[in-house]
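*Asks:* Sharing a sequence plus its predicted fold:
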Amino acid sequence: MLSEFGHVTPHIGFIYPNESDMAWTQLIVIYPYITGLVAGAFVVSSMHHVFNIKSFAPISRFALLTALCFMFFAPSPLLFHLGQPTRAFNALITPHWTSAMAAFGYVAGFYVCLLLLETWFAFREDIVAMSKVRTGIMGKVYGWLTLGSDDVSARALAIDHKAARILAMIGIPAACGLHGYVGFVFGSLKTREWWSSDLMPVIFLLSAVGSGVGLLIVLYVIASKFRKTPIPNDTMRGLLYVLFTAITVVMVIEGLELLEIFYKAREGVETVRELIMGPIWAGMSIQWAMSVFVLVVTSALLVFDVHGKRLVNWLFMSGLAMMIGVLAMRWNVVIGGQELSKTMKGLLTYYPELFGRESLFVVGIISICPYFTLWLATKLLPPWEETIVPEHRVLDAHKLA
Amino acid sequence: MTTPDKKPDTKTNETVPLSRRRFLEFLGKGAVCTGTLAGAGRAIGSSEVRHAKRAFQQNDEQYAESMNNPPKVPDYNWNDHQWAMGVDTDRCIGCLRCMEACKMENSVQMDAFHFRTWVERYVYLEGSNTAIVDSQSDPNNIENAGSETRFRFDNRYKNVKVDKAFFVPKLCNQCEHPSCVQVCPTGATFKAKDGPVLIDTTYCIGCQYCVQACPYGARSFNESRGTVDKCNWCYHRITKGLNPACVEVCPTGTRIFGDRNDPESPISLFIRNNHVQVLKPEMGNAPNVFYKGTDKEVV
């Protein structure tokens, strides 16, 4: 008899009957995760573009491409989730402005445009160079990508640099807005105790920066190993500083958040405790274990002033741990919030489905797509500074400016 | 000596036909009730069998037709009405006819996990300060009824001492400040001028943000339509001067419905003559379903 209810989420205690069909599932877990990676990667790219921190120069354009490629796929989990995906543009055509979600199309659209523009300015010199040395179809493609602007004089490059800098400056609040907004979507809901917190946008934003830095460390180390190029020590140290700052602030604020819930001890706080001990026990363990690991390792790397290969290896592991920890945190927030019933008298335990429209399979495909696109993008627009395609042409526009 | 014998005889002769008449009356009513209930049950059951793949009773063509050509109500002006509902929980017997009627009337998905209205059972066991709560999505109740679409509460408290027990019917509260309307990204769900919160299912994108935002769990997602579903107080009925289906079938008068603009309507009298309260007032949604006789444990 009980096997008939396979399609609904099992529960204990008392939940509202309509809650047994969970509204937001694993697709909504990876949506904030992907946008978070975008925000984090963009912040790293801005370190060089805006603040002109030289140690970030080798990774700056790669970070920009990463942000762009991940941003392309940020809306896809939402589209897969919608009951009527063909009507998705209703929210753009007739936005209902009291809804946080109505802004998504505009925020995301603006951000994609901004990233595309900045990428174009940052890579324009390379594109022009490629259009002159490459032949065949790719030569034509690069010709189109120049958009008819093939002036690479020092003055033109200085303008490029300035434009990229201004765009990056607009991009920082935009990236913070994009991800703070995701936190607001959850934090502004008064109905769910686990979400309804003023700290939610801050937590989302800071963990996003952490996961984005983690992603860049992992990708940059892997790319350098494959390309057999040395990894600049300064760059790794710079990423270490950002990662350390992100993890310390995130852990403090997440700790404060939990403390507030239990200190205020509003009605149903026992159920919150049971949620942490029960349905999201594994997720919370992964999140905090990874956070502590990252904190300890980055602290040790700073204290013992580690450089060279050991720095790369340990930082790589920290970056990976940060990514896993933040993914677990997204699960704990999105799924955990719904596992805690609105009655505050019951708990659900969500089991993801393997195949189907909103399944782990789809999540896997969507998660792989940005990496694949990034690989293609680095083929089209090599972001590695040291690669010189035409003779003696310095590729990084910013060095000239 | 015969007289005393006869007296009781006459008494019995007088009382017997009366009680027989009463008995027959009772039997007749009972038969009608059982017949209706059985009929309803059969209808639900048969619709389930006949359209095994359909999650609702209207077929797709009928649904599309009603969406594309909504019936016109010429004499109805939504500025003239302010609908509200009352729930007298002391009267509810947990027969769940309201749930059945709602499912039939509004083509709600035929299972125990999607409801426009439902009934909760609160039971205080002897010596306990908190209530045990269950509803139709409780697996034990479904198992007892034998089907997700036959709504019955099981008799689990048969062998235990119960201090206090009561039923609380729930439905959309058609709030004055609906948080579901606030979060809808397209404006597909909106507050009608006469009170109910309605959904334009031809415009809903199915993001389910409103499902998350409703403090009362009153919204559900209809997978087959890809849109959200909720109680609208049978808007198609009330605009024609009829009561919502749940109010119509309630055998005990638990549910009271009417127009607050009319001071003599049942709901105006109910609110005026009773101490009423609303659910989760701290949410700030200002519900339009007024409860009489709820308990601290009611969520």
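*Replies:* Sure thing, it's come through. Residues are numbered from 1 along each chain as shown, chains lettered A, B, ... in the order given.
*Asks:* tell me the contacts of the residue of chain A found nearest chain B?
*Replies:* The minimum distance from chain A to chain B, using CB to the nearest CB, falls at residue A:83 (2.0 Å). In this view, the C-beta of every residue, glycine as well, is placed from N, C-alpha and C. By CB atoms under 8 Å, 6 or more residues apart in numbering or on different chains, the contact set of residue A:83 is B:204-208, B:221-223, B:225-228.
*Asks:* Quick one: which of those is the most crowded by neighbours?
*Replies:* The most neighbours of any of these, using other CB atoms under 10 Å in any protein chain shown, belong to residue B:207, which has 29 neighbours.
*Asks:* How is that residue assigned, secondary-structure-wise?
*Replies:* For residue B:207, the assignment made with DSSP: H, G, I helix; E, B strand; the rest coil gives coil.
*Asks:* what number of residues lie near the residue lying closest to it once chain neighbours are set aside?
*Replies:* Nearest residue to residue B:207 in three dimensions, chain neighbours excluded: residue A:82, at 5.8 Å (CB to CB, 6 or more residues apart in numbering or on different chains). Residue A:82 sits with 19 neighbouring residues when counted by other CB under 10 Å.
*Asks:* Which segments of chain A make up each domain?
*Replies:* Listed by automatic domain parsing, the domain ranges of chain A are A:25-188+A:356-401, A:201-350.
*Asks:* ok, the shortest one near chain B or not?
*Replies:* Looking back up the chat, that one is domain A:201-350. Yes - residues of domain A:201-350 contacting chain B under CB under 8 Å from any CB of the partner chain: A:338, A:342-345.
*Asks:* What pLDDT is listed against the residue nearest to residue B:207?
*Replies:* On the pLDDT scale, residue A:82 is placed at 95.
*Asks:* And it, its phi and psi?
*Replies:* Dihedral pair for residue A:82: phi -60, psi 140, per degrees, to the nearest 10.
*Asks:* same question, the one 4 residues further on
*Replies:* With angles defined as degrees, to the nearest 10, residue A:86 sits at phi -70, psi -20.
*Asks:* and the spatially most central residue of chain B, what are its phi and psi?
*Replies:* Nearest to the mean C-alpha position of chain B, counting by CA atoms, centre = their mean, stands residue B:98 at 3.7 Å. According to degrees, to the nearest 10, the main-chain angles of residue B:98 amount to phi -60, psi -40.
*Asks:* Could you list the buried residues of stretch B:266-282?
*Replies:* Buried residues in stretch B:266-282, counting neighbours by 16 or more other CB atoms under 10 Å in any protein chain shown, are found at B:266-268, B:270-271, B:276, B:278-280.
*Asks:* Need these in a markdown table (columns: pLDDT).
*Replies:* Below are those laid out as a markdown table (pLDDT from 0 to 100):
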| residue | pLDDT |
| --- | --- |
| B:266 | 96 |
| B:267 | 97 |
| B:268 | 97 |
| B:270 | 97 |
| B:271 | 97 |
| B:276 | 97 |
| B:278 | 97 |
| B:279 | 97 |
| B:280 | 96 |
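*Asks:* Nearest to chain A among the residues you listed?
*Replies:* Set against chain A, the nearest of the buried residues of stretch B:266-282 by CB to the nearest CB is residue B:280 (9.0 Å).
*Asks:* The closest one against residue B:291, yeah?
*Replies:* No - checked against CB atoms under 8 Å, the pair residue B:280 and residue B:291 is beyond contact range at 11.1 Å.
*Asks:* I'd say the residue nearest to residue B:207 and residue B:204 touch.
*Replies:* No - here residue A:82 does not reach residue B:204: they are 9.7 Å apart, not a contact under CB under 8 Å.
*Asks:* Low-confidence stretches in chain B?
*Replies:* Filtered on pLDDT under 70, chain B yields the residue ranges B:1-60, B:71.
*Asks:* per-domain residue ranges of it.
*Replies:* B:1-50, B:60-292.
*Asks:* Highest mean neighbour count out of the ones you listed?
*Replies:* Highest mean neighbour count of the domains of chain B: domain B:60-292, a mean of 19 (counted as mean count of other CB atoms under 10 Å in any protein chain shown).
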